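# coords please:
(one chain, ligands or ions: 1)
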Amino acid sequence: MVVRVWVVRDGRAVAETAEEWLSPRERAQAAEWAVDDRRETFMVSRALQRALGARHLGVSVERVGISRACAHCPDPGHGKPHFADAPELDYSVSHTRGLIVLAASTGTRVGVDVESGSREIEPAGMTRLLASEPELRALSSTATALEPQALFRLWARKEAVVKLTGHGILQVPFTALSVDGPTARLDSPPPGWPEEPVHVTDLPLGDGVFAALATTCADPEVTVTELRRVADLAL
Ligand SMILES: CC(C)(COP(=O)(O)OP(=O)(O)OC[C@H]1O[C@@H](n2cnc3c(N)ncnc32)[C@H](O)[C@@H]1OP(=O)(O)O)[C@@H](O)C(=O)NCCC(=O)NCCS
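Here you go, the predicted model:
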């Protein structure tokens, strides 16, 4: 099963190619960001999603409808984004520090997450927030704090899983979710958790970047394409 992954390394450099892909509402939302790099990331992320929908559906970007309704509660805005007219195409987006990653497939559900390893973290506190008992046992028999590299890796893998399902970080305590193996294990899955195993793989996107892809199919064939312009996104 193929999963396509597109990577924008520098949201700032790509932002000016994004505006024409945005809806009028997104343009207005973009203008509200007070911080330049946050605005640019928002624009590129939303533009990539619209470009994906337009390419897949074969329609102009104005006709791409993206729903953010939650599959797990009545909230209209905090769900996993999806194309109203293309339920067969599952996709997921993640961004950190100007790096934007989009993953999509018609053959498997997907969740993607990317974390910058240059973020300042406090390893002991992060370990308490993030690591499950089985992960602590597997990764360290003695330490109360895991190494930053191990923490960033777990973090990306866990977020990828809860983004695949759409539950997000509030519905699934990370200390109850184990992702140190090839499939995710969760103590008490919430309603709407997939029946099938959720597979997790690291995405090698370069030094200092921790990225993970969750899928409902095992061993996906992953293609990674770097983009310099939004319009270059092709299926
Ligand atoms: C989903 C979530 C983990 C993303 O975290 P984040 O720090 O914003 O991280 P990322 O940069 O990796 O991801 C951002 C992208 O996640 C996507 N996203 C938002 N909500 C999502 C959800 N519920 N499921 C999957 N993806 C989601 C969006 O595409 C967003 O990018 P965009 O706004 O540019 O479109 C976090 O926002 C979250 O947990 N939200 C709560 C969802 C919730 O309340 N669920 C309750 C279910 S009842």
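# For the helix or strand hosting R137, buried residues please.
R137 is part of helix 133-139, with elements assigned from DSSP states H and E. For helix 133-139, the neighbour count (16 or more other C-beta atoms under 10 Å) marks 135-136, 139 as buried. From N, CA and C alone the C-beta is placed, and that goes for glycine too.
# Any idea which of those the model trusts least?
Ranked by pLDDT, the buried residues of helix 133-139 bottom out at L139, which scores 81.
# and it, what does it touch?
When contacts are counted by C-beta atoms under 8 Å, 6 or more residues apart in numbering, L139 touches 131, 146, 150, 180.
# Not counting its neighbours along the chain, what's nearest the last one?
With C-beta to C-beta, 6 or more residues apart in numbering as the measure, E135 is the residue that lies nearest to D180, at 4.7 Å, once sequence neighbours are left out.
# and which of the contacts of L139 is nearest the ligand?
A131 (17.6 Å; C-beta to the nearest ligand atom).
# And for the residue in the chain positioned nearest to the ligand, the neighbour number?
Nearest to the ligand in the chain, going by C-beta to the nearest ligand atom, is G168, at a distance of 2.5 Å. Neighbours of G168 under the rule other C-beta atoms under 10 Å: 15.
# host element of the nearest residue to it once chain neighbours are set aside?
Take G168 and drop its neighbours on the chain: the residue closest to it by C-beta to C-beta, 6+ apart is V162, 5.5 Å away. Under the criterion of DSSP H and E, V162 resides in helix 148-165.
# Which residues of this structure lie near the ligand?
Contact residues, the chain versus the ligand (C-beta under 6 Å from any ligand atom): 45-46, 70, 72-73, 78-81, 92-95, 113, 159, 162-163, 166-171.
# nearest residue to the residue most central in space within the chain other than its sequence neighbours?
Centroid check for the chain by C-alpha atoms, centre = their mean gives V112 as the closest residue, at 3.1 Å. Spatial nearest neighbour of V112, excluding adjacent residues (C-beta to C-beta, 6+ apart): A103 at 4.0 Å.
# Wasn't that neighbour part of a strand?
Yes. Assignment of A103 by DSSP: H, G, I helix; E, B strand; the rest coil places it within a strand.
# Output the contacting helices and strands for the lengthiest helix in the chain.
Ordering each helix of the chain by length in residues (DSSP state H) puts helix 36-57 first. Using 3 or more C-beta pairs under 8 Å, 6 or more residues apart in numbering; DSSP states H and E, the elements in contact with helix 36-57 are strand 2-8, helix 11-14, helix 24-32, strand 66-67, strand 82-83, strand 90-96, strand 99-105.
# Distance of the closest residue to L52 other than its chain neighbours relative to L48?
The spatially closest residue to L52, leaving aside those adjacent along the chain, is A104, at 5.8 Å (C-beta to C-beta, 6+ apart). To L48, A104 is 10 Å away according to C-beta to C-beta, to the nearest Å.
# Over to S67?
Applying C-beta to C-beta, the value for S67 to L48 is 17 Å.
# Look at these two and report which has more neighbours.
More crowded of S67 and L48, by other C-beta under 10 Å: L48, with 25 against 15.
# Please tell me I have it right and that one contacts D232.
No. Contact criterion C-beta atoms under 8 Å: L48 and D232 do not qualify, at 10.3 Å.
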